[in-house]
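K.L.:
got a predicted structure here, sequence first:
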Amino acid sequence: MTARAHVYALLPAWICVSLVASAQTTTPCNQLTGLLASARSQFQDLRGPVDPDDSTIFQASRRLPGAIECLINRDDGLDSYDCFWEYPDSASMSAAYGSTLATVRACFSGVRERSTSDATSLHVGDGPNYSLYVRVRKHQSKSGRYRVSLSVERSAD
């Protein structure tokens, strides 16, 4: 495997698909901008079936490429669109986290950030009574799987 192929293997699929399709105007930045537009209406246009066990969670009707799952969460004062990618080990997860964060930063340069060792939130906009954030997180699930998640969040002010 070439060095370039190895790097692409570690990137979340939504970035790779967007890089390949960029000539067709589908880029990660366009996808994120579309999700932010949906956030303004609490993701109503992306809501699929409601979770039978939790009426605040919906399957998303559209997934980012390669995500194993995308959900819409409605909680008191916070609506979010969350997608998850899984990796075979911690090193792959960390590499994917770094590349995803770099891509998001390139889309929203100059915005305020908050970071911890395993998550970064970027404050990307405001509405009349809400704020918009994009959050990238790496974590190990309860079942032991290595995950990177990307969330677009609308929080009430």
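P.N.:
Ah, there it is. All of these numbers come straight from a predicted model, not from anything done at the bench. Residues are numbered from 1 along each chain as shown.
K.L.:
just to be sure, residue 64 is in a helix?
P.N.:
No. Residue 64 is assigned coil when assessed by DSSP: H, G, I helix; E, B strand; the rest coil, not a helix.
K.L.:
roughly how far does it sit from residue 132?
P.N.:
17 Å (Cβ to Cβ, to the nearest Å). To be clear about C-beta, it is placed using only N, CA and C from the backbone, and glycine gets the same treatment.
K.L.:
more neighbours, these two?
P.N.:
Taking other Cβ atoms under 10 Å, residue 64 and residue 132 do not tie; residue 64 has more neighbours (22 against 19).
K.L.:
need the pLDDT of the more buried one.
P.N.:
We have a pLDDT of 90 for residue 64.
K.L.:
buried ones in the longest helix belonging to the chain?
P.N.:
Identified as the longest helix of the chain according to DSSP state H is helix 90-107. Across helix 90-107, burial judged by 16 or more other Cβ atoms under 10 Å covers 93-97, 99-101, 103-105, 107.
K.L.:
from residue 154, how far out is residue 37?
P.N.:
Distance, residue 37 to residue 154, by Cβ to Cβ: 11 Å.
K.L.:
which one of these two has more residues nearby?
P.N.:
Using other Cβ under 10 Å, the more surrounded residue of residue 37 and residue 154 is residue 154, with 23 against 11.
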